[in-house]
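okay, here's the prediction I keep looking at, along with the sequence it came from:
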Amino acid sequence: MKSLFPFILLSLASVQAQQLAPSAPDAAAPTHEQLLERRKLAEAAAQRANESQPSARETSPAVDPSKANKPQGLLARSEIISFDGIATLVPKRAIIHKPQNLESRTGAFAPGDRLQPWREFYAANRGWIITMEVTRAQAEGKEHFSEEMAKSVANSSSIIVATFSGDPISVRPAPPKEEAAPGSTPNSSPQK
Amino acid sequence: MKPFIPMAAVLSLGAVPLFAQSESVYTNFIRQVQFPALEDGTNLEIDVSVPSSGSQLSPWAIDSGGARFELWAVRNAHQSEYLLSEGFVGSYIPTAKVEILTEDSYPTIPRTRADRPFSVKVTVGGLLAGATLPSGDPIPAAAKSVNFLHHVQSYGEGGTGENINPDNATLLETTSLTENVEDKALPCVVMVPASDLTKARGEERFSIYSLDDYQAPASSLASAKVQIWPMSDGSISGITENQKVLFAMPQITLTLNDLYPDSSTYLQAYRGTWASGKTGYVVPGSSIEWKSTIPKSDVLTLTSNSWDNILDADGVWTIELVTKTIFDTLSLGHVTFTLDRTIEVKGNITTSN
């Protein structure tokens, strides 16, 4: 067998070398000029199609809604909560109470922080974060928190995040007490 | 706005190309932004928890003002953020869908080559006609028409599209649509700008926007983009046209530029002069199977040993650089030469007699 070994290798190499190309070149590559011509034809066709309703199509429009109304960045509109190398984002003004001793866990990423969606992060940090379900009117600042809610917020030693169906929601500060409807209690001012 | 019934939006991530393959690097967030703005000019915002695929009802009913849903990917290490998709939903705002169809079936993002046509499939529903509703209330302009936008953006020479700023895209045209359409296919040619159109590389974005309204600004209802990659080119050096090769084959160099992200490229050799459509033997060591998200450029060196043994007879031979893609099989260059390995001994024999 020893003497056959080089022969087998040579045979394999030969088979590889004799492998036929999978397919023959079947097309001539178009040139720049040909592609330019195609663009011109497409543009002319679009213009013809539009002749019946000239106002419908506008080339090089002055106003671009994708730029004019582009959403601001997510991070700029979010508050960061982080602890032990993990961080999450909630909408700005969703944190309605921030005790002084937990201040350092909000506001900025720590170096090397890994991001987590809110629900995962909250599940792992229930010891120092609590949520408070708010109504739509409360979130819009049209209705004050009940006295019980306000007291509970003021006395809490945990970070309190306003939620709607479990999802963090921004809460607009309610109007000052004198403007509030009689009988209601103003909510605590959300952290900015 | 009473005639319009508050509705709930369905959040769906199934069709959105998430950064799911790099879960440890990117974290996805969906943010729901309510319209109109509150009295202080801010908008109510909710972080919506949604699994990485599937759909669910929005937690918050969408009333006349509407809501914008934004899908973001935030990169852990750099805290850089990417707006992957956005869609505006409103009770009287038309619905829209945009889909791009190319010959390449790559699933993550539609893509094609600079010379290939593609089509955009558009669906718009819920557009209303006339001036007033049966109730007598006027129909808002934003319920009667939408704008179809076409943006183009070059990645620049050698660009891959990473970290491009979509604000630098050029709005090529806007078309006002006033009638509902379903799956209307619009044939397109590549319009990404380039000094050499065979080398256009960039992306084209097609979006449908609602009209500016007293409740909400013009907002994206649907959007899709297609990536455009340049045509390949290449050359063979180390051997010249009509060269006479004696004994061993010379070392040659293959220069390959912009191989398509899903392509097979190889050097083939066949007897005779070059002719279009010929097949030959694949030269060992010359094959590149490129399956990626971006084009590739490479330089291969083939030594004499790697291709000497496939030329099994003297005579005229051609080597041809070929690239095969889903679109076609193209010749990138060829060289014809004459091989003459026969040793002729000229001499005479004499004897002492």
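Perfect, I can see it now.

run a quick neighbour tally on residue 32.
Since no chain was named, I'll use chain A. A count of neighbours around A:H32, defined by other Cβ atoms under 10 Å in any protein chain shown, yields 17. Heads up, the C-betas are built off the backbone N, CA and C, glycines and all.

should've been chain B
That count, for B:Q32 with other Cβ under 10 Å as the rule, works out to 25.

quick check, it in a strand?
Yes: counting by DSSP: H, G, I helix; E, B strand; the rest coil, B:Q32 falls inside a strand.

could you pull up the residues touching the closest residue to it other than its chain neighbours?
Nearest residue to B:Q32, sequence neighbours excluded (Cβ to Cβ, 6 or more residues apart in numbering or on different chains): B:I46, at 4.5 Å. For B:I46, the contact set (Cβ atoms under 8 Å, 6 or more residues apart in numbering or on different chains) comprises A:91, A:164, A:167-170, B:31-32, B:34, B:59-60.

B:N348: which of those residues is nearest?
B:R31 (95.7 Å; Cβ to Cβ).

who does that closest one form a beta bridge with?
For B:R31, the beta-bridge partners are B:D47, B:E70 (DSSP bridges).

thought it was touching B:W72?
Yes: assessed by Cβ atoms under 8 Å, B:R31 is found in contact with B:W72 at 6.7 Å.

quickly list what's touching both of these two.
In contact with both B:R31 and B:W72: A:L74, using Cβ under 8 Å, 6+ apart.

all helices of the stretch 1-150 of chain B, in order?
Applying DSSP state H, counting those that start in this stretch to the stretch 1-150 of chain B gives no helices.

swap in chain A?
Assigned by DSSP state H, chain A shows helices spanning A:5-17, A:32-50, A:65-68, A:118-124, A:136-139, A:147-155.

which one of those helices is the most hemmed in?
helix A:136-139 (a mean of 18; mean count of other Cβ atoms under 10 Å in any protein chain shown).

does chain B have contacts with it?
Yes: Helix A:136-139 is in contact with chain B by Cβ under 8 Å from any Cβ of the partner chain, via A:136, A:139.

avg pLDDT for that helix?
Mean pLDDT, helix A:136-139: 92.

same deal with stretch B:95-107?
Per-residue scores along stretch B:95-107 average to 95.

can you give me the buried ones in that stretch?
Neighbour-count burial for stretch B:95-107, counted by 16 or more other Cβ atoms under 10 Å in any protein chain shown, picks out B:95-102, B:104.

so of the residues you listed, which two are at opposite extremes in space?
Top of the distance list for those (Cβ to Cβ): B:T95 and B:D104, 28.0 Å.

follow-up on the earlier one: could you find the lowest-pLDDT member of the contacts of B:I46?
B:P59 (74).

residues near the residue lying closest to it once chain neighbours are set aside, how many?
Once flanking residues are discounted, B:P59 sits nearest to A:S165: 4.0 Å by Cβ to Cβ, 6+ apart. A:S165 has 13 neighbouring residues, counting by other Cβ under 10 Å.

now do the contacts for A:S165.
A:133, B:59-60.

just the closest of the residues you listed to A:E140, please.
The closest of the contacts of A:S165, once distances to A:E140 are taken by Cβ to Cβ, is B:W60, at 11.3 Å.

gap between the residue nearest to A:T163 when sequence neighbours are not counted and B:Q243?
Closest residue to A:T163 apart from its sequence neighbours, by Cβ to Cβ, 6+ apart: A:T131 at 4.4 Å. Plainly put, A:T131 is 79 Å away from B:Q243 if you go by Cβ to Cβ, to the nearest Å.

neighbour count: these two, which is higher?
Between A:T131 and B:Q243, counting by other Cβ under 10 Å, A:T131 is the more crowded of the two (20 against 13).

could I get the contacting residues of that one?
A:T131 sits in contact with A:122, A:160-163, A:166, A:168, where contact means Cβ under 8 Å, 6+ apart.

tell me the least confident of these?
A:G166 (92).

that residue contacts A:R119, correct?
Yes: judged on Cβ under 8 Å, A:G166 makes contact with A:R119 at a distance of 7.3 Å.

relative to B:G347, which of the helices of chain A is closest?
helix A:5-17 (33.6 Å).

quick one on the thing from earlier: what is in contact with A:G166 and A:R119 at once?
With Cβ under 8 Å, 6+ apart as the test, A:G166 and A:R119 both reach B:S49.

who in the stretch 151-300 of chain B is up against chain A?
So far as Cβ under 8 Å from any Cβ goes, the stretch 151-300 of chain B lies against chain A at B:151, B:166-167, B:169, B:171-178, B:188-191, B:196-198, B:207, B:209, B:212, B:217-220, B:231, B:264, B:266, B:268, B:276-284.

so does stretch A:140-149 get close to chain B?
Yes: for stretch A:140-149, a contact with chain B is found by Cβ under 8 Å from any Cβ, at A:140-141.

could you report the neighbour count for the nearest residue to B:I252 once chain neighbours are set aside?
Residue nearest to B:I252 in three dimensions, not counting chain neighbours: B:G238, with 3.6 Å by Cβ to Cβ, 6+ apart. As a burial measure, B:G238 scores 14 neighbours (other Cβ under 10 Å).

check contacts around B:G238.
B:250-253.

got phi/psi on it?
phi 110, psi -10 (degrees, to the nearest 10).

any idea how far it is from chain A?
From B:G238 across to chain A, the span is 19 Å (Cβ to the nearest Cβ, to the nearest Å).

and the gap between that residue and B:D340?
Taken as Cβ to Cβ, the span from B:G238 to B:D340 is 18 Å.

where in the chain is pLDDT low?
Since no chain was named, I'll use chain A. A:1-19, A:27, A:52-56, A:60, A:177-192 (pLDDT under 70).

please go with chain B instead
In chain B (pLDDT under 70), the answer is B:1-24, B:52, B:77-78, B:344, B:352-353.

domain map for it?
B:8-90, B:92-230, B:233-340 (automatic domain parsing).

make JSON lines from these and add distance to A:I80 to it.
What follows is the domains of chain B, written out as JSON lines (distance: least, Cβ to Cβ, whole Å):
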{"stretch": "domain B:8-90", "distance to A:I80": "9"}
{"stretch": "domain B:92-230", "distance to A:I80": "23"}
{"stretch": "domain B:233-340", "distance to A:I80": "31"}
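
hang on, the earlier thing: just the buried residues from the contacts of B:G238, in PyMOL please.
Buried subset of the contacts of B:G238, written as a PyMOL selection, criterion 16+ other Cβ under 10 Å:
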select buried, chain B and resi 252
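
got a ChimeraX select line for the buried ones in the residues of the stretch 151-300 of chain B next to chain A?
A single ChimeraX command selects the buried members of those (16+ other Cβ under 10 Å):
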select /B:151,169,171,172,173,174,175,177,188,189,190,191,197,198,207,209,212,217,218,219,220,231,264,266,268,278,279,280,281,282,283,284
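
show me what contacts residue 29?
Picking chain A for this. Counting by Cβ under 8 Å, 6+ apart, the residues that A:A29 touches are B:115, B:198, B:231, B:330-331.

think we crossed wires, I meant chain B
So B:F29 contacts A:74, A:89, A:117, B:47, B:71-72, B:74 (Cβ under 8 Å, 6+ apart).

6 Å instead?
By Cβ atoms under 6 Å, 6 or more residues apart in numbering or on different chains, B:F29 lies in contact with B:W72.

equivalent analysis for A:V171, please.
Here A:V171 is in contact with A:93, A:96, A:139, A:162, A:190 (Cβ under 6 Å, 6+ apart).

scan those residues and report the most crowded one.
A:A162 (27 neighbours).

pretty sure A:P61 sits against B:T175.
No: using Cβ atoms under 6 Å, A:P61 is not in contact with B:T175, being 9.9 Å away.
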